[in-house]
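[1] this one's sequence-less:
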């Protein structure tokens, strides 16, 4: 009998060990199983304050719902190259930071009429197409465009946004185009103080590294453009006057030659006998 017990004990230990390994493997594989089970599968956890956190499998974004019904969508650092489609229209806060976005097409956030906070920082955005923020002018309060590749601000792209915008760490080019755009922007005035010149048409005057609002107070960045335009106009007028004078000289000379030939013809006619 002792001999039989000694034989069964190792078998029970092996079974327990196998069960433990199986459970451990299941725990390790559970996130991938949740993510790959189906396009619409989502994991749901309920917090003590009544809010829910969901991980949506089809785009990798995390959704969290606050007690007031507002939705926060976090799509940070998941390799996005464009704004995800089909975002819930209850979205109040949207985080698209640390991705690979290079541009924002028109109507990128259509349907998100409740959006108040938008984080687009640490992307590669160099182009904001006209209408890319269409529909957000009345709701958006905070816009983070820091650490991108923006060099100018297009009023048609911002679409009348009155939000506070974080515009730091962009390669802003301070020139006449930017100076003409600034008065047309409805952004929170404190946002414009964060536009620091990375390059400028006045780089030889120490403009690089200077906030654009300070540069624009002291210098007319369109002055050189106006001078170039004035010179071009003077050259054009000079050429036009030269052409007119040349034509007049030709016209006078041509008429003089005709008049001379006519006089010679008249002289060659026989005089009439009285």
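    Ah, there it is. Please read all numbers here as calculations on a predicted model, not as lab measurements.
[2] which residues sit in contact with residue 202?
    Each residue near residue 202 by CB atoms under 8 Å, 6 or more residues apart in numbering is listed here: 174, 215, 219, 221. Heads up, the C-betas are built off the backbone N, CA and C, glycines and all.
[3] quick one: the helices in the stretch 1-150 of the chain?
    Along the stretch 1-150 of the chain, counting by DSSP state H, counting those that start in this stretch, helices occupy 2-36.
[4] could you pull out the strands for it?
    Using DSSP state E, counting those that start in this stretch, the strands assigned to the stretch 1-150 of the chain run over residues 42-46, 52-56, 62-65, 71-74, 91-95, 103-104, 117-119, 127-128, 142-144.
[5] neighbour-wise, which of the contacts of residue 202 leads?
    The most crowded member of the contacts of residue 202, judged by other CB atoms under 10 Å, is residue 174 (27 neighbours).
[6] now what about stretch 113-122, what contacts it?
    For stretch 113-122, the surrounding residues in contact (CB under 8 Å, 6+ apart) are 70, 76, 89-99, 101, 104, 109, 135-136, 138-148, 166.
[7] Show me just the buried residues among the residues you listed.
    76, 90-99, 101, 104, 109, 135-136, 139-140, 143-148, 166 (16 or more other CB atoms under 10 Å).
[8] about what we covered before: in TSV: the contacts of residue 202, plus distance to residue 130 and secondary structure.
    Formatted as TSV, the contacts of residue 202 follow (distance: CB to CB, whole Å; DSSP: H, G, I helix; E, B strand; the rest coil):
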residue	distance to residue 130	secondary structure
174	22	strand
215	26	helix
219	28	coil
221	23	coil
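[9] Format the residues you listed as a markdown table; extra columns: pLDDT and distance to residue 185.
    Formatted as a markdown table, the contacts of residue 202 follow (pLDDT from 0 to 100; distance: CB to CB, whole Å):
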| residue | pLDDT | distance to residue 185 |
| --- | --- | --- |
| 174 | 88 | 15 |
| 215 | 80 | 16 |
| 219 | 77 | 19 |
| 221 | 76 | 16 |
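[10] And the furthest pair within the residues you listed?
    174 and 219 (9.1 Å; CB to CB).
[11] Between these two, which contacts overlap?
    In contact with both residue 174 and residue 219: 202, 207, using CB under 8 Å, 6+ apart.
[12] where exactly do the helices run in the stretch 151-274 of the chain?
    Going by DSSP H, counting those that start in this stretch, the stretch 151-274 of the chain shows helices at 155-158, 176-181, 189-192, 212-218, 223-268.
[13] least reliable of those helices going by mean pLDDT?
    Lowest mean pLDDT of the helices of the stretch 151-274 of the chain: helix 223-268, a mean of 64.
[14] how's this structure carved up into domains?
    28-170, 223-274 (automatic domain parsing).
[15] just checking, which of these comes out with the lowest mean pLDDT?
    Looking at these, the bottom one is domain 223-274 with a mean of 63.
[16] What is the neighbour count of residue 183?
    Residue 183 has 8 neighbouring residues, counting by other CB under 10 Å.
[17] Would you confirm that residue 105 contacts residue 134?
    No: using CB atoms under 8 Å as the test, residue 105 is too far from residue 134 to be in contact (10.7 Å).
[18] what's the closest of the contacts of residue 202 to residue 193?
    Comparing the contacts of residue 202 against residue 193 with CB to CB places residue 215 closest, at 11.6 Å.
[19] Now for that closest one: which residues touch it?
    174, 197, 200, 202, 207, 221.
[20] now, the most widely separated pair of those residues?
    Spanning the widest gap among those are 197 and 221, at 10.1 Å by CB to CB.
[21] between those two, what contacts are shared?
    Common contact partners of residue 197 and residue 221 (CB under 8 Å, 6+ apart): 174, 215.
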